[in-house]
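# Sequence and predicted structure, then a few things I'm wondering about:
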Amino acid sequence: MRKNDAQRIDRRRFLVGSAGALLTLPMLEWYAPRSAFAQAVSAPKRLIVMLHSNGRTAGNGHDGQDNWSPGSKTGPLPATGDISPMLASLGEIRNEIVTIDGVDNLVRHMTGDSDGHYSAEVTCVTCVLPKRDKTGGGPSIDYVAGERLRATPSQRAAVLFPASPMSEEFVYESSQQFYGANGTEPARVHSNPAKSLIELFGSAPTPNQPPATKTLHDRLVARRGSILDAVAKDYTALSQRVSAADRTRLEQHAAFIRNIETRLSGAGGGIVAQSCARPDPTKIPPFDPEDARRGQLDALITPHTIENLVMALACDVTRVGTLHFQLDDYTFPSEFTGASPLGGQENWHALIHNTPSLSDEPQPDLTRGFQFFGKMFTLLVKRLSEVVDVDGRRLLDNTLVMWVSDLGYGSAHFDFNNPVILAGMKDAFVNGQGRHLVTPRRSLGDLYAQVLRMLGGTDTTFGLTGKLGDSGVSDLNAGSGFSESYIKPTLGLHLGTLDL
């Protein structure tokens, strides 16, 4: 043998040696002193934003006109029974959430918009003034957080999931609320979860389909994958013969190997949860989008959109996702026995405006319909709690979930007391969860700055800074619901932190 041959390490020898090293590394600890411990796998932080329109939908926030709020003071949520009439469907997750009163969309008052819908929509998650064409003037909180949390510039900063399936000719009006950089269109997937699944995870192999001719690149990638797969199989066999403590270490190392494989393949960010799995497309029922114009199929289809969203985070396709309930005319048929009283000639949006008082006749039906949003939020939180993350904790423990709305009281376009519910990421809540917070007046900018801090930032503001009068608008009180003495030019856009 020539001297340089003995010293030469070719690619094949390196890969095989690397596989053996990967298999051996966790076992080295067995020979080390028992005071040494395996390094825990670090999980990325993630964010989900859920948004619905028209706020608390009923009442005016004055004289007790509110059936969303769990109470008038800060304290624990009710241990049993309904949290509140509108939040009755959150009972299962009451110990995972914090409900908040006292958060206002102040930037909306700088627009001079007396109607209230467009200005509320374009400012509620951006906290900046809209452009002249009445679209968003900057990125929304999901995109800002996603840019910071993503693993690489090629990973999508945030992905928008339309919550309701829509007919093909109905264009999702993404330009109304969620935005990318500089107020550009967000990255979004199809409202049909069968199609968004492919957009997120690619096409599934077709049974009995002849394999395509493999290129040299394909063969090299397949060979690399087979080495990692072989290591994982050895782990599976070995894990049956070791102690529980060593089995945990093996599982952590197997997760490390999966992350290497993902990074090498160029998919997502590479920090893959233990329970990462491509959703099963056969579980998504076929449907006619023409039957979904008023949210009639949401109870059947939206859970599959939620599954796609959860697995997009678990498989590190993205680290930020938004679930947007964007329709104006929901019928909520799943919430009623027989025909929905919100269907037919009735219109959900119109009923909200015609029901300013809790004593108005349509109020019970509006309240029951609203509970559907709570059911979907509950499903989302529960599903996150079932997924095992890369560090062995629940995916929910590493994910902050925020439910907000563009208005406070939709019946009058009032933009104070915007409903806010936070869940997940228990470690970020100093005062714990399972509680209702009545905060001194705070802005959505205050809330989103705090969300960024909970995700690891040092932000003290989000969106516009300064005072309400900086916009030069003379009628700041248009549709405010506040007293003239509160909404005034000298009021600051950031008022302090929330006692979370």
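Arrived safely, thanks for sending.

# where does the stretch 251-400 of the chain have low pLDDT?
Scanning the stretch 251-400 of the chain for pLDDT under 70 picks out 251-268.

# one more time with 90, if that's ok
Applying pLDDT under 90 to the stretch 251-400 of the chain flags residues 251-271, 288-293, 326-329, 343-358, 362.

# now the stretch 51-200 of the chain
57-65, 112-118, 132-135, 153-154, 166-176, 182, 185.

# which stretches of it form helices?
117-123, 141-149, 193-201 (DSSP state H, counting those that start in this stretch).

# Those: which one's closest to A412?
helix 117-123 (11.9 Å; C-beta to C-beta). C-beta coordinates here come from the backbone N, C-alpha and C atoms, glycine included.

# what's that closest one in contact with?
53, 105, 107-108, 111, 113, 129-130, 134-137, 176-177, 406-407, 413, 415 (C-beta atoms under 8 Å, 6 or more residues apart in numbering).

# related to what we said a few turns ago, export the helices of the stretch 51-200 of the chain to CSV and tack on distance to L297 and mean neighbour count?
Listed next are these as CSV, based on distance: least, C-beta to C-beta, whole Å; neighbours: other C-beta atoms under 10 Å:
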stretch, distance to L297, mean neighbour count
helix 117-123, 24, 25
helix 141-149, 25, 24
helix 193-201, 11, 20
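
# give me phi/psi at the closest residue to T490 other than its chain neighbours?
Using C-beta to C-beta, 6 or more residues apart in numbering and skipping residues adjacent in sequence, the residue nearest T490 is K467, 5.8 Å away. Note on K467: backbone dihedrals following degrees, to the nearest 10 are phi -130, psi 160.

# OK, contacts around K467?
By C-beta under 8 Å, 6+ apart, the neighbours of K467 are 489-493.

# one step back: pull out the buried members of the contacts of helix 117-123.
53, 105, 107-108, 111, 113, 129-130, 135-137, 176-177, 406-407, 413, 415 (16 or more other C-beta atoms under 10 Å).

# burial count for the residue lying closest to A79 once chain neighbours are set aside?
With sequence-adjacent residues excluded and distances taken as C-beta to C-beta, 6+ apart, A79 is closest to R94, at 7.9 Å. Here the number of neighbours of R94 (other C-beta atoms under 10 Å) works out to 21.

# likewise the one 5 residues further on?
Per other C-beta under 10 Å, the neighbour tally for T99 reads 25.

# do G472 as well
8.

# With W403 as the reference, measure out to it.
According to C-beta to C-beta, to the nearest Å, G472 and W403 sit 33 Å apart.

# sorry, back to before: just tell me which of the helices of the stretch 51-200 of the chain ends up closest to G344.
helix 117-123 (23.7 Å).

# Do you have the strands of the stretch 51-200 of the chain handy? List them.
75-76, 97-104, 159-162 (DSSP state E, counting those that start in this stretch).

# I'd like the ones you listed as JSON lines, with distance to G445 appended.
Converted to JSON lines, the strands of the stretch 51-200 of the chain look like this (distance: least, C-beta to C-beta, whole Å):
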{"stretch": "strand 75-76", "distance to G445": "26"}
{"stretch": "strand 97-104", "distance to G445": "10"}
{"stretch": "strand 159-162", "distance to G445": "21"}
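
# how about these, which one is nearest V49?
strand 159-162 (9.3 Å).

# quick one, phi psi at L384?
Dihedral pair for L384: phi -60, psi -30, per degrees, to the nearest 10.

# Next: the one 4 residues further on.
Phi and psi for V388, reported as degrees, to the nearest 10, are phi -90, psi 120.

# so who does it touch?
V388 touches 273-275, 394-395, counting by C-beta under 8 Å, 6+ apart.

# among the helices of the stretch 51-200 of the chain, which is nearest V98?
The nearest among the helices of the stretch 51-200 of the chain, by C-beta to C-beta, is helix 141-149 at 17.3 Å.

# and the closest one, what other elements does it pack with?
With contacts defined as 3 or more C-beta pairs under 8 Å, 6 or more residues apart in numbering; DSSP states H and E, the packing partners of helix 141-149 are strand 46-52, strand 320-325, helix 444-454.

# wait, what's in contact with I284?
Contacts of I284 (C-beta under 8 Å, 6+ apart): 193-194, 197, 301, 304.

# Can you give me the distance of it to F372?
19 Å.

# G136 and Y179 touch, don't they?
Yes: counting by C-beta atoms under 8 Å, Y179 is a contact partner of G136 at 4.0 Å.

# list the residues that contact both of those two?
With C-beta under 8 Å, 6+ apart, G136 and Y179 have common neighbours T126.

# can you put the helices and strands packed on helix 141-149 in JSON lines and add distance to G424 and mean neighbour count?
Shown next, in JSON lines, are these (distance: least, C-beta to C-beta, whole Å; neighbours: other C-beta under 10 Å):
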{"stretch": "strand 46-52", "distance to G424": "8", "mean neighbour count": "26"}
{"stretch": "strand 320-325", "distance to G424": "13", "mean neighbour count": "26"}
{"stretch": "helix 444-454", "distance to G424": "10", "mean neighbour count": "23"}
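
# Let's have these in JSON lines, adding distance to S164.
Formatted as JSON lines, those follow (distance: least, C-beta to C-beta, whole Å):
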{"stretch": "strand 46-52", "distance to S164": "11"}
{"stretch": "strand 320-325", "distance to S164": "6"}
{"stretch": "helix 444-454", "distance to S164": "24"}
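
# quick one, which of these is nearest to V381?
It is, among the helices and strands packed on helix 141-149 and with distance given as C-beta to C-beta, strand 46-52, at 9.3 Å.

# Okay, now the sheet partners of that closest one, with direction.
strand 320-325 (parallel), strand 399-405 (parallel) (DSSP bridges).

# what's the next secondary structure element after the first one?
Sequence order places helix 348-353 as the next helix or strand after strand 320-325, per DSSP states H and E.

# Show me what counts as buried in that following helix.
348-349, 351-352.

# For A244, see how far away the residue nearest to L87 when sequence neighbours are not counted is.
Ranked by C-beta to C-beta, 6+ apart and with sequence neighbours excluded, the top spatial neighbour of L87 is G374, at 5.6 Å. Separation of G374 from A244 (C-beta to C-beta) stands at 39 Å.
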